[in-house]
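Engineer: Predicted model and sequence follow; I will ask about them next.
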Amino acid sequence: MMNLTQQVTQQLDTDLASVVEDVRRSLVQVRNGHRGGGAGTIWHPKGLIVTNAHVVGRGAVRVILPDGRELLARVLAKDDQRDLAALVVDASDLPTVQLGDSKSLQPGQWVVAVGHPWGVQGAITAGVVIGLGPAWPEMQQPKRDYVLVSLHLRPGHSGGPLVDSAGRLVGINTMINGPDVGVAVPVDEVKLFLREALRA
């Protein structure tokens, strides 16, 4: 018979597995034609995808959807300072990620990063929020806050979703700041970027 700790742990495992399964439905692969690439997140069911600017690069971009379709993507907008890019593919009725609120994040809160590190499809890594702030103390330009998390991001996580324990998007994974600190662009910054891009 399981004790209380075992029951709680098992429930957490079940809940996390369910969250990851939902998030993976909105996770895509992004390929830039130069043996590089990363991940992306489906933002709108009519083919709008968010990723990192450095994942997109400068060549032709292709996206592999969760159902296996590989489509040519058009770069709708790109902001190198924010390290964000918006892509559009010719598809509809796509599963989207649930949006969260990065301003409400608290240190110690559990988060999960999803991506394709080292080619492992839909892999996850979990940790806790350290806080919101510059990616490193001496960073001056651009003067923006990031979501700093204690987890292991790897090449292939870039552009993928950082979600809270309820599966809500709180950031877009963007870089590594040391072996144990991951950095993500806050979802509120992503919303602002998209408003500016779609208004242009």
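Structural biologist: That came through fine.
Engineer: residues making contact with the helix or strand containing residue 163?
Structural biologist: Using DSSP states H and E, residue 163 maps to strand 161-164. Contact with strand 161-164 is made by 19, 23, 26-27, 39, 41, 97, 100, 105, 109-114, 147, 149, 169-173, 182, 184, as judged by C-beta atoms under 8 Å, 6 or more residues apart in numbering. Heads up, the C-betas are built off the backbone N, CA and C, glycines and all.
Engineer: next helix or strand past it?
Structural biologist: strand 168-176.
Engineer: Give the pairing partners of that next one; include direction for each.
Structural biologist: When sheet partners are counted by DSSP bridges, strand 168-176 sits next to strand 98-99 (parallel), strand 161-164 (antiparallel), strand 182-186 (antiparallel).
Engineer: most tightly surrounded among the ones you listed?
Structural biologist: strand 161-164 (a mean of 28; mean count of other C-beta atoms under 10 Å).
Engineer: For the strands paired with strand 168-176, please prepare CSV with the additional fields distance to residue 54 and mean pLDDT.
Structural biologist: Below are the strands paired with strand 168-176 laid out as CSV (distance: least, C-beta to C-beta, whole Å; pLDDT from 0 to 100):
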stretch, distance to residue 54, mean pLDDT
strand 98-99, 23, 94
strand 161-164, 16, 95
strand 182-186, 11, 94
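Engineer: quick one, what contacts residue 106?
Structural biologist: residue 129.
Engineer: Would you mind checking the contacts of strand 161-164 for buried ones?
Structural biologist: 19, 23, 26-27, 39, 41, 97, 100, 105, 110-114, 147, 149, 169-173, 182, 184 (16 or more other C-beta atoms under 10 Å).
Engineer: For the strands paired with strand 168-176, give me TSV that also has distance to residue 56.
Structural biologist: Output for those, formatted as TSV (distance: least, C-beta to C-beta, whole Å):
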stretch	distance to residue 56
strand 98-99	22
strand 161-164	17
strand 182-186	14
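Engineer: Out of those strands, flag the one nearest residue 82.
Structural biologist: If you check each of the strands paired with strand 168-176 against residue 82 by C-beta to C-beta, strand 182-186 wins as the nearest, at 6.3 Å.
Engineer: does residue 189 sit in a helix, a strand or a coil?
Structural biologist: helix (DSSP: H, G, I helix; E, B strand; the rest coil).
Engineer: show me where the protein has helices.
Structural biologist: 4-24, 53-56, 187-199 (DSSP state H).
Engineer: Check the contact between residue 131 and residue 148; I expect there is one.
Structural biologist: Yes: the criterion here is C-beta atoms under 8 Å, and residue 131 meets it with residue 148 at 5.6 Å.
Engineer: Same drill for those two, tell me which one is more crowded.
Structural biologist: residue 148 (21 against 13; other C-beta atoms under 10 Å).
Engineer: can you tell me which residues contact that one?
Structural biologist: Applying C-beta under 8 Å, 6+ apart, the residues near residue 148 are 129, 130, 131, 132, 133, 135, 177, 181, 182, 183.
Engineer: Leaving out sequence neighbours, find the closest residue to the third one.
Structural biologist: Same thing as residue 131. The shortest distance from residue 131 to any non-neighbouring residue, by C-beta to C-beta, 6 or more residues apart in numbering, is to residue 107 (5.1 Å).
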